[in-house]
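Enquirer: Below: sequence and its predicted model.
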Amino acid sequence: IRKLCFAIKSGKRRIFRGGCAIIAPMSSKKVPIVAIVGRANVGKSSLFNSVLRRREAVVAMEPGTTRDSITAKASHKDHNFWLVDTAGLKTAEDEFELTIQEQIKQAADSADLILVVVEATPQITEEDRRVATMALKSRKPVGLIINKVDQAHRLNLDHFERLGIKPIIYTSATQNDGIHEMLEFVTSNLPKATITEDDDRIRLAILGRPNVGKSALFNALGKKQQAIVADRAGTTRDVNRAVIKYQKREIELLDTAGIRRSGKIEVGIEKFSVLRTLGAIEESDICVLVLDVNDLESKIDQKIGGLIKEAGKGLIIAVSKWDSFEEKDAFSRDTVAARIRREFEFIPWAPLIFTSSKEDQNISKIFELASEIAEVRTTKITTSKLNSWLEHQIHRHPPAGLKNRHPKLNYMTQITDEKTPTFKLFGAHTKLLHWSYKRFLEKELRNEFGFAGTAINMSYLEKHVDRKKADPYSWKNRLRPEQVPNFKIKKESK
């Protein structure tokens with residue numbers, strides 16, 4: 001870990017097995033890192049969200065809401081920097097808490113500037129002193145942020161000077177007071193730098209139920225302990241991110257909170273975490289659905305797979321904890337794979353792999369599949385090839401009719417400006433097409449042109465409009481208000 005922190009601080013890249021490399025959040029010119037540290041429930045995540053001007057981190061009244069260190073791109077005037085929100089510093093009571101506390105120290109070690117956040121209270125706590133001491137020992141620029149001053153009416157806060165940190169900045173994250181002064185202090189102590197992102201970056205979201213091994217897979221893919229891993233469910237609450245370089249292409253990993261059945265989602269922290277997970281699906285290009293090999297009987301996995309399909313994303317089904325599978329023999333893999341294929345028959349195009357984060361089994365294979373799926377999603381097919389294929393399919397298997405009317409498909413084309421492969425088919429009476437025929441066309445389209453590992457959209461549109469039943473005044477919708485003639489329709493007499 002110390003070597004890794006040194007590599008991040010020095011701007012170096014460390015190459016790992018499988019062609020992967022951890023890319024520290026910096027370009028060729030090192031982008032500074034600012035860490036927000038402090039004891040639990042002093043408003044660190046609120047300040048983090050105030051600087052970003054969006055709700056990136058989960059905020060709640062419950063102490064210890066933040067568990068993983070969250071990194072996000074921040075800017076002020078012409079300065080760019082990486083802002084890191086950390087968990088609250090406190091005495092570790094078990095191994096789980098010890099992992100969290102170690103992560104705080106790692107974030108402080110890799111930072112170029114540290115913001116120590118305390119709450120505006122009449123007394124200084126022992127945790128405040130520990131945080132201040134840790135920050136001052138780093139011999140880096142340190143600022144003291146006294147938060148929640150809106151709740152300290154007429155309270156003398158001069159006793160915080162005994163912490164030995166200057167300058168002291170008074171803030172209120174809820175009222176957005178003092179945020180500008182805090183950013184001025186940050187930028188005045190950091191060099192100018194620009195964060196450049198690869199436009200060709202692949203965004204890979206890791207999804208699944210709680211405690212199926214998502215964070216362990218995230219750490220194995222990133223080759224570092226960035227997400228907290230524990231046996232208890234619901235460990236991850238925020239969306240953790242890491243950027244990996246694989247075969248000269250950047251892949252951004254998104255570790256998400258587990259999704260449970262709707263009736264079991266608790267109001268508050270877990271609800272906000274699930275909402276951020278759903279947002280990660282929309283943000284990503286490809287999703288990895290993690291299944292626990294020891295607990296495959298779950299409808300939630302199928303529901304998550306359906307959400308990914310509806311969002312039009314690429315999908316990889318990863319069976320985790322393969323090393324812990326007890327009843328393993330020469331036929332176990334085929335038996336489990338057949339069972340999963342039956343349960344996920346609505347997404348037969350998704351590749352299936354068996355992984356073990358503990359033994360590093362098939363970890364690099366995920367990068368290979370993600371790169372292949374990303375290439376497939378950019379496939380463009382000419383209109384002539386599509387219409388030749390469509391004509392052949394209709395001749396081979398014409399669509400069935402309904403109510404003395406027969407659907408007719410005339411031609412199709414691909415929409416090239418969509419991230420998801422999208423096709424439009426034009427014809428007559430397309431609303432009468434049976435769902436089984438639409439599924440048949442999608443299956444044959446995949447057999448002919450590929451698109452393995454990604455969802456595709458096929459929409460069926462009417463080529464001609466029945467003008468007899470059309471609204472005679474619908475042409476007014478195509479005009480500006482001032483172009484519409486001013487006349488009234490005579491009402492029929494009773």
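Expert: Everything's here; your move.

Enquirer: Show the end-to-end separation of stretch 308-318, please.
Expert: End-to-end distance of stretch 308-318: 14 Å, with CA to CA, to the nearest Å as the criterion.

Enquirer: Identify all contacting residues around that stretch.
Expert: Contact partners of stretch 308-318, identified using CB atoms under 8 Å, 6 or more residues apart in numbering, comprise 207, 217, 281-282, 284-291, 305, 340, 344, 346-347, 349-355, 366, 369-370, 373-374, 376-377, 419-420, 453-457. (Each C-beta comes from the backbone N, C-alpha and C, glycine too.)

Enquirer: List buried residues within those.
Expert: Among these, those classed as buried by neighbour count (16 or more other CB atoms under 10 Å) are 207, 217, 281, 284-291, 305, 340, 344, 347, 349-355, 366, 369-370, 373-374, 376-377, 453-456.

Enquirer: isn't residue 130 right next to residue 105, touching?
Expert: No - the criterion here is CB atoms under 8 Å, and residue 130 misses it with residue 105 at 11.2 Å.

Enquirer: Residue 288 belongs to a strand?
Expert: Yes - counting by DSSP: H, G, I helix; E, B strand; the rest coil, residue 288 falls inside a strand.

Enquirer: what's across from it in the sheet?
Expert: Beta bridges link residue 288 to residue 206, residue 316, judged by DSSP bridges.

Enquirer: try residue 415
Expert: Under the criterion used (DSSP bridges), residue 415 bridges to residue 422.

Enquirer: and it, how many neighbours?
Expert: Residue 415 sits with 12 neighbouring residues when counted by other CB atoms under 10 Å.

Enquirer: roughly how far apart are it and residue 424?
Expert: 6 Å (CB to CB, to the nearest Å).

Enquirer: Tell me how many other residues surround residue 73.
Expert: 14.

Enquirer: element containing it, please.
Expert: Per DSSP states H and E: residue 73 is located in strand 70-76.

Enquirer: how close does residue 300 get to residue 353?
Expert: Applying CB to CB to residue 300 and residue 353 gives a distance of 20 Å.

Enquirer: Verify the contact between residue 453 and residue 376 for me.
Expert: Yes - taking CB under 8 Å as the definition, residue 453 is a contact partner of residue 376 at 6.1 Å.

Enquirer: give the contact list for the most centrally placed residue in the chain.
Expert: Closest residue to the average C-alpha location of the chain: residue 280 at 2.9 Å, with CA atoms, centre = their mean. Neighbouring residues of residue 280 by CB under 8 Å, 6+ apart: 205, 207, 239, 254, 256.

Enquirer: between the residues you listed, which is closest to residue 463?
Expert: Residue 463 has its nearest neighbour among the contacts of residue 280 in residue 205, at 37.8 Å by CB to CB.

Enquirer: On the pLDDT front, check the closest residue to that closest one other than its chain neighbours for me.
Expert: Nearest residue to residue 205, sequence neighbours excluded (CB to CB, 6 or more residues apart in numbering): residue 284, at 3.7 Å. On pLDDT, residue 284 comes in at 87.

Enquirer: What of residue 489?
Expert: Looking at residue 489, its pLDDT reads 48.

Enquirer: Check residue 272 too.
Expert: Residue 272 is given a pLDDT of 47.

Enquirer: mind listing the helices for this structure?
Expert: 2-9, 44-52, 95-110, 126-137, 179-188, 214-222, 269-283, 299-310, 332-343, 363-377, 383-396, 435-449 (DSSP state H).

Enquirer: ok, how many other residues are close to the spatially closest residue to residue 105 that is not a sequence neighbour?
Expert: Of all residues not flanking residue 105 in the chain, residue 134 sits nearest, at 7.2 Å (CB to CB, 6+ apart). Neighbourhood size, residue 134 [other CB under 10 Å]: 18.

Enquirer: How about the contacts made by residue 134?
Expert: Residues counted as contacts of residue 134 (CB under 8 Å, 6+ apart) are 37, 89, 105, 108.

Enquirer: same thing with residue 390?
Expert: By CB under 8 Å, 6+ apart, the neighbours of residue 390 are 409, 411, 412, 425.

Enquirer: Among these, which are located in strands?
Expert: 409, 411, 412, 425 (DSSP state E).

Enquirer: I figured the last one was touching residue 457, is that so?
Expert: In other words, residue 425. No - counting by CB under 8 Å, residue 425 stays clear of residue 457, with 11.1 Å between them.
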